[in-house]
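Asks: The amino acid sequence is not available; the structure is as follows:
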């Protein structure tokens, strides 16, 4: 009886954690997903899987695949988030703004994706720096 109770409690805790995480991600992710629906990823792109993104105080560690092409930043939820109902989003570069206050980790960057502030891997925002350096009137 004791082992059955422990197993039941463990399963209850795991299911509660899964549903709590999926609810939080849907609350944070749904506005981005609706504002920036998925677009086709260009043939020439760079992609890294299982990347971490933070939305405010919520950290989605190793939960997103990120693809970068000339037109969009593509955020693709990992399988566990897709099971919870999250869908991919493609944010055009024109809708992304780097914030003045950046994390002290050089491998992370803070940006606004539309209205949502996100901290993610710095490599995926490098194209913004390249575009800024290529634009006329910028030094």
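Replies: Received it, and whenever you're ready, just let me know what you need. These numbers were taken from a predicted model, which means no experiment stands behind them. Numbers count the residues shown, from 1 in each chain.
Asks: Please identify the helix or strand for the residue lying closest to residue 39 once chain neighbours are set aside.
Replies: Once flanking residues are discounted, residue 39 sits nearest to residue 90: 3.8 Å by C-beta to C-beta, 6 or more residues apart in numbering. For the C-beta atoms, the positions are set from N, CA and C on the backbone; glycine is no exception. Per DSSP states H and E: residue 90 is located in strand 89-92.
Asks: Only the buried residues of that strand, if you could.
Replies: Under the neighbour-count criterion of 16 or more other C-beta atoms under 10 Å, strand 89-92 has 89-91 buried.
Asks: Can you name the element that comes right after that strand?
Replies: Downstream of strand 89-92 (by DSSP H and E), the next one is strand 96-98.
Asks: who's in contact with that following strand?
Replies: Here strand 96-98 makes contact (C-beta atoms under 8 Å, 6 or more residues apart in numbering) with 73, 109-113, 125, 128.
Asks: Now the two most distant members of those residues.
Replies: By the measure C-beta to C-beta, the contacts of strand 96-98 have their two most distant members at 73 and 110, which lie 14.0 Å apart.
Asks: who has more neighbours, these two?
Replies: Taking neighbours as other C-beta atoms under 10 Å, residue 73 and residue 110 compare with residue 73 leading, 24 against 17.
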